[in-house]
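Asks: What shape does this take:
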Amino acid sequence: MAVDTLIEDAIQEDVEAITDRDGDAEDRERYQRTQDQRRQRIIKRFVGRYLRGIHDPDFQTRVGHDVMTNNYIIFSHILWRLLFKGWVSPEYVAESLLNIWQLFWGSKDTPGYLSSLHNSQIVGVGDVMKNNQADARLLVALYYVSRLTRAQKADNNRLALRDVWRNVLQNPLYQVTAKVLEDAWFILGRALIYDYPFVTDIVEELSQLAAYDTRTGFIRDIEAASQLPSGSWTFEKARVRNPPSDALMTIDCLVLSVTSDTLSNTEAIRVLQGWMRFEERRYYRIASPDNNAVQILLRYDAMEQKGDYWVRGEDPLDIGLIAAGPTLWSDVMTRMQSWAQDIDGTSVDSTSALASA
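Replies: Next comes the predicted model:
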């Protein structure tokens, strides 16, 4: 059933329900609202009811993984179509997509529904997704919602979206191929007829999403990794001398306020690499003070590609060249970038290709 028909039928059912009952003043007032307002209310009621139902563990157990998978695919497609209807705000649809993605693929702190399935069930789920192009459609929707959260500077939603995308990239069920990328490009081209991106644009957006972080999120992660209490790490301004000219300058410094025993050379470099992944800077400085005096200090000059680790009372240790290093999803994103370049390079006329699809 088309999305348009589904919503129109829901509106008619709602109108009849209100008409058939006596109702109070609020019901009568709702009945007088415009069709657009009623449509928006019905859509939100439908989406909210669906999300509550599919999150219910009893429902999940009762219907099984086949029904859950097909529901996920159908509902995701309905939400994708709603993004371009103008019936509800794109922000509402994006948050609903994020909700269903977190349920299936997991969030930062919660494993998704797919993680509860056995291997034999996973194979069946993967086949259903491929047969319905759900793998390509997921890429398309992630790309679009990523652009939306970036434009709106919606940091919390963007971080949550990033976590979903990282989970997808690390899930063996999800296998990105050149064919999946090309399918995603054609699907997006049909939705964004006058503003469709190249495949490299799609992959670049998704690459930025995978690497996205904020200072608050970064600090929370490194505190969790070292099992430190909240507030142990902070960003502060530091006045330091620039070695070539010896002139004073102000730079950002990442400060560990708890006992300095936790900031070993290895740990300091690990924190530095994490910082480098989401912020490109000339100077990086990590310190652990004690009684207002610096006890441990790591300094790194990204342009000169050199730095040192220093503990009070000891000679500085040269740490050499430090790179941000690979992530668990780096290889996948590298392959996607290569495929994207190949697809764009062999598309002689992108507009004609999409028009003839």
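Asks: CA atoms only: put stretch 214-224 into CSV for me.
Replies: Output in CSV follows, covering the C-alpha atoms of stretch 214-224 (Å, rounded to 0.1, in the frame of the first residue of the first chain):
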residue,chain,number,x,y,z
THR,A,214,32.5,16.6,20.3
ARG,A,215,34.7,17.6,23.1
THR,A,216,32.1,16.5,25.6
GLY,A,217,31.6,13.2,23.9
PHE,A,218,35.3,12.6,23.6
ILE,A,219,35.9,13.3,27.3
ARG,A,220,33.1,11.0,28.3
ASP,A,221,34.6,8.2,26.2
ILE,A,222,38.1,8.5,27.5
GLU,A,223,36.8,8.7,31.1
ALA,A,224,34.7,5.5,30.5
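Asks: Identify all contacting residues around that stretch.
Replies: In this structure, residues lying in contact with stretch 214-224 by Cβ atoms under 8 Å, 6 or more residues apart in numbering are 155, 159, 213, 228-230, 232-235, 271, 274-275, 278. C-beta here means a position set from N, CA and C on the backbone, and glycine is covered the same way.
Asks: Name the nearest of those relative to P316.
Replies: Proximity of these to P316 (Cβ to Cβ) peaks at V271, which lies at 17.8 Å.
Asks: List the buried residues of whichever strand or helix holds the closest one.
Replies: Counting by DSSP states H and E, the element that carries V271 is helix 265-278. Across helix 265-278, burial judged by 16 or more other Cβ atoms under 10 Å covers E267, A268, I269, V271, L272, G274, W275, M276, R277.
Asks: quick check: mean pLDDT across that helix?
Replies: In this model, helix 265-278 carries a mean pLDDT of 93.
Asks: 584 is where my numbering starts, stick with that
Replies: Sure thing, new numbering starts at 584, so read that last one as helix 848-861.
Asks: any idea which helix or strand comes after that helix?
Replies: strand 866-873.
Asks: what ranges do the strands span in the chain?
Replies: Along the chain, the segments classed as strands by DSSP state E run 816-825, 830-839, 866-873, 876-884, 889-894, 900-901.
Asks: Would you mark the buried spots in the fourth one?
Replies: This points to strand 876-884. So, applying 16+ other Cβ under 10 Å, buried residues of strand 876-884: V877, Q878, I879, L880, L881, R882, Y883, D884.
Asks: Tell me how the protein divides into domains.
Replies: Using automatic domain parsing, the domain parsing of the chain gives 616-795, 799-901.
Asks: Low-confidence bits of the chain, can you list those?
Replies: Residue ranges of the chain with pLDDT under 70: 584-616, 826-828, 842-845, 874-875, 930-940.
Asks: before we move on, back to that, out of the domains of the chain, nearest to A923?
Replies: Going by Cβ to Cβ, the one of the domains of the chain nearest A923 is domain 616-795, 4.1 Å.
Asks: and the closest one, how far from the chain's centre?
Replies: Here the centre of domain 616-795 is set off from its chain's centre by 11 Å, with Cα atoms, centre = their mean, to the nearest Å.
Asks: Check stretch 807-814 too.
Replies: 23 Å.
Asks: same deal with stretch 856-871?
Replies: Its chain's C-alpha centre and that of stretch 856-871 lie 22 Å apart, by Cα atoms, centre = their mean.
Asks: Just the endpoints, please. Distance across it?
Replies: Using Cα to Cα, to the nearest Å, the end-to-end distance of stretch 856-871 comes to 17 Å.
Asks: okay, now I776: neighbour count?
Replies: Counted by other Cβ atoms under 10 Å, the residues lying close to I776 total 10.
Asks: no no, V723
Replies: 22.
Asks: Then Y777?
Replies: Neighbours around Y777, by other Cβ under 10 Å: 4.
Asks: And it, how far from W663?
Replies: Separation of Y777 from W663 (Cβ to Cβ, to the nearest Å) stands at 18 Å.
Asks: G772 touches F781, doesn't it?
Replies: No. Assessed by Cβ atoms under 8 Å, G772 is found out of contact with F781, at 10.1 Å.
Asks: Identify the residue spatially nearest to G689, adjacent ones excluded.
Replies: Spatially, and ignoring its direct neighbours in sequence, G689 is nearest to G695 (3.3 Å; Cβ to Cβ, 6 or more residues apart in numbering).
Asks: roughly how far apart are E897 and L904?
Replies: Following Cβ to Cβ, the distance that separates E897 from L904 is 22 Å.
Asks: just so I have it, where are all the helices in the chain?
Replies: 586-603, 608-614, 618-637, 640-665, 673-688, 702-714, 717-735, 738-753, 761-774, 782-794, 798-808, 848-861, 913-929, 933-938 (DSSP state H).
Asks: Among these, which comes closest to Q888?
Replies: Proximity to Q888 (Cβ to Cβ) singles out helix 848-861 among those, at 11.8 Å.
Asks: what comes into contact with that closest one?
Replies: With Cβ under 8 Å, 6+ apart as the test, helix 848-861 has contacts from 794-797, 801, 804-805, 809, 837, 867, 869, 879, 881, 883, 885, 892, 900, 902, 905-908, 910.
Asks: which of the residues you listed are buried?
Replies: Neighbour counting over the contacts of helix 848-861 (16+ other Cβ under 10 Å) leaves 794-796, 801, 805, 809, 837, 867, 869, 879, 881, 883, 885, 892, 902, 905, 910 as the buried ones.
Asks: quick revisit: what about the residue nearest to G689, how many residues close to it?
Replies: Around G695 there are 18 residues (other Cβ under 10 Å).
Asks: could the helices of the chain go into JSON lines alongside distance to L831?
Replies: Compiled in JSON lines, these are given as follows (distance: least, Cβ to Cβ, whole Å):
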{"stretch": "helix 586-603", "distance to L831": "62"}
{"stretch": "helix 608-614", "distance to L831": "65"}
{"stretch": "helix 618-637", "distance to L831": "55"}
{"stretch": "helix 640-665", "distance to L831": "54"}
{"stretch": "helix 673-688", "distance to L831": "45"}
{"stretch": "helix 702-714", "distance to L831": "58"}
{"stretch": "helix 717-735", "distance to L831": "36"}
{"stretch": "helix 738-753", "distance to L831": "32"}
{"stretch": "helix 761-774", "distance to L831": "50"}
{"stretch": "helix 782-794", "distance to L831": "33"}
{"stretch": "helix 798-808", "distance to L831": "24"}
{"stretch": "helix 848-861", "distance to L831": "23"}
{"stretch": "helix 913-929", "distance to L831": "38"}
{"stretch": "helix 933-938", "distance to L831": "53"}
